[in-house]
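Engineer: 3D, please:
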Amino acid sequence: MVKLMRKKNLKQFLFYSALALILCTCNDPIFYIISKEVKPIEPLIKGVATNFAVYNGSMYVASGSTLHVYKKDGENSKAWRKEAQPGGNILQIASTGNNLYALCSADQNNNGRAIIKLFNKENSSWTEIGGIDNSIERIHDIFAVNNTLFIMVSYSIYYSVLYIDNSGTINELNITEEGNNGTGEINGIAFNGVSYFISSKSMGVYKINNISEGASLIKYKDENGDDVKVISSGIINLQDADNTIVIITRNGDLYTVKDSITRIENVSMGKMATGALAIWRENNLPESNRLLLAGRQDSLKYTIDSGYTYGYMELELDTTGIKSGKTFVEPGKELLSSIRQGGNERYQSTIGKNPINYLFQVPYEIDSNMLLFASTQKNGVWSYKERKGEFQWNAEDEE
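Structural biologist: Numbers count the residues shown, from 1 in each chain. Coordinates of the predicted model:
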């Protein structure tokens, strides 16, 4: 009898111990994050998507050989449609305001050669632009800034920059200080209302005071007073009162760029930066609160099961640039955020698992909801919006 009671008591002890362990485990942050996961949506725009561009009152993005157009005309309207296709795989798009350009593979085989095509909105057709020297071996990238198209090209291992002026003429940018490889590969161009700034992956940052006179390399003075190059992953205009230009380095540090380069102290992602940068606005009012969004990467290797290592981070801005006392935080962790307050765990279990190549907020004129979009590295175009009564990051669909 005593043995039976001891056996019964032992079973009860083990049962309640296991129950307590389960309850404690469910309070673990990892399990809580898992509980916030949402069902993945099949993306409308699949695969590796391009950057976003605004042209003729609509937003454009491409994936593979298909160009997609977004414009939300009322809550019940379908937002997406397909535009006339330029042909070949679309590598990048760019809009100078009056013109829409597409950098495409020369043929469907995507053999490495690329050409630039110009869109004709009158008859929805595409034509290859002329005037590019035959000695150019490859067109790498296109960037549209201040209604000017910049084109990164290479002659063998030598890199250079072309630009198309208002007359439509293609010119080569004169680089007054250059290395053995010219400008090196470029990852962004910004304009502060007076000067252009070119961010090179290997050479540093170039400044253009007058585009017809060329560009010169600007440097940063280190603690020893020596001039050194700052290699950035991305560049952007903060859209503040001074049109402040900032660059972000691979390790997540920020620098302002003007006549020289200045380190922004005590502001760093603390993570590796992908180079994806965007400005997010809370609303369409002139005094709208703003955030700098920056793509992050905790791991150098992309894996399906690598967990919460990607996504983006946020930095609060004000009228003079970066708000005093602020640094990068994850979305949903502060009152001002691109996602709803308290949504950080859902962010971690959704877009936080995806490497981001581009971030873009739709202008109010195109969609009054001013949705935030992301081009992910492998899983197509995503958006943050309300789905079935809950705000969430998920693959963009036809809703």
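
Engineer: Could you use CA atoms for every contact and neighbour count after this?
Structural biologist: Will do.

Engineer: list the contacts for S124?
Structural biologist: Listed by Cα atoms under 8 Å, 6 or more residues apart in numbering, the contact set of S124 reads 83-84.

Engineer: One more: T66?
Structural biologist: Counting by Cα under 8 Å, 6+ apart, T66 touches 82-83, 85, 89-90.

Engineer: Looking at the residues you listed, state which has the most neighbours.
Structural biologist: Within the contacts of T66, I90 tops the neighbour count with 27 neighbours, counted by other Cα atoms under 10 Å.

Engineer: Once you drop chain neighbours, what's closest to that one?
Structural biologist: Spatial nearest neighbour of I90, excluding adjacent residues (Cα to Cα, 6 or more residues apart in numbering): C104 at 4.4 Å.

Engineer: what does T327 give?
Structural biologist: Going by Cα to Cα, 6+ apart, T327 has V267 as its nearest residue, at 5.0 Å.

Engineer: what's the burial count for that neighbour?
Structural biologist: Considering only other Cα under 10 Å, V267 is surrounded by 18 other residues.

Engineer: helix/strand/coil for it?
Structural biologist: What DSSP: H, G, I helix; E, B strand; the rest coil gives for V267 is strand.

Engineer: On the pLDDT front, check it for me.
Structural biologist: As predicted, V267 sits at a pLDDT of 93.

Engineer: Ok, M203 next?
Structural biologist: Confidence for M203, expressed as pLDDT, is 87.

Engineer: re the thing from before, thought the residue nearest to T327 was touching K323?
Structural biologist: No. V267 lies out of contact with K323 (Cα atoms under 8 Å); the separation is 10.4 Å.

Engineer: Show me what counts as buried in the host helix or strand of T262.
Structural biologist: Using DSSP states H and E, T262 sits in strand 261-268. Across strand 261-268, burial judged by 16 or more other Cα atoms under 10 Å covers 261-263, 267-268.

Engineer: circling back to that earlier point, narrow the contacts of T66 to those in strands?
Structural biologist: 82, 90 (DSSP state E).

Engineer: for G352, phi and psi?
Structural biologist: phi -60, psi -20 (degrees, to the nearest 10).

Engineer: Which residue is the nearest non-sequential neighbour of it?
Structural biologist: Nearest one to G352, counting by Cα to Cα, 6+ apart, is G311 at 4.0 Å.

Engineer: Quick check, the one you found in contact with D298.
Structural biologist: No. The criterion here is Cα under 8 Å, and G311 misses it with D298 at 9.6 Å.

Engineer: Compare those two (neighbour count), which wins?
Structural biologist: Neighbours of G311 and D298, each counted by other Cα under 10 Å, are more numerous for G311; the result is 26 against 17.

Engineer: Give me the neighbour count for I211.
Structural biologist: When neighbours are counted by other Cα under 10 Å, I211 registers 16.

Engineer: what's the distance between it and F143?
Structural biologist: Distance of I211 to F143, computed by Cα to Cα, to the nearest Å: 15 Å.

Engineer: quick one on the thing from earlier: from V329, how far out is the residue nearest to T327?
Structural biologist: Distance from V267 to V329, by Cα to Cα: 10 Å.

Engineer: pretty sure A94 is touching N147, no?
Structural biologist: No. Counting by Cα under 8 Å, A94 sits too far from N147 to count as a contact (10.0 Å).

Engineer: which one of those two has more residues nearby?
Structural biologist: Using other Cα under 10 Å as the criterion, A94 and N147 rank with A94 on top: 27 against 15.
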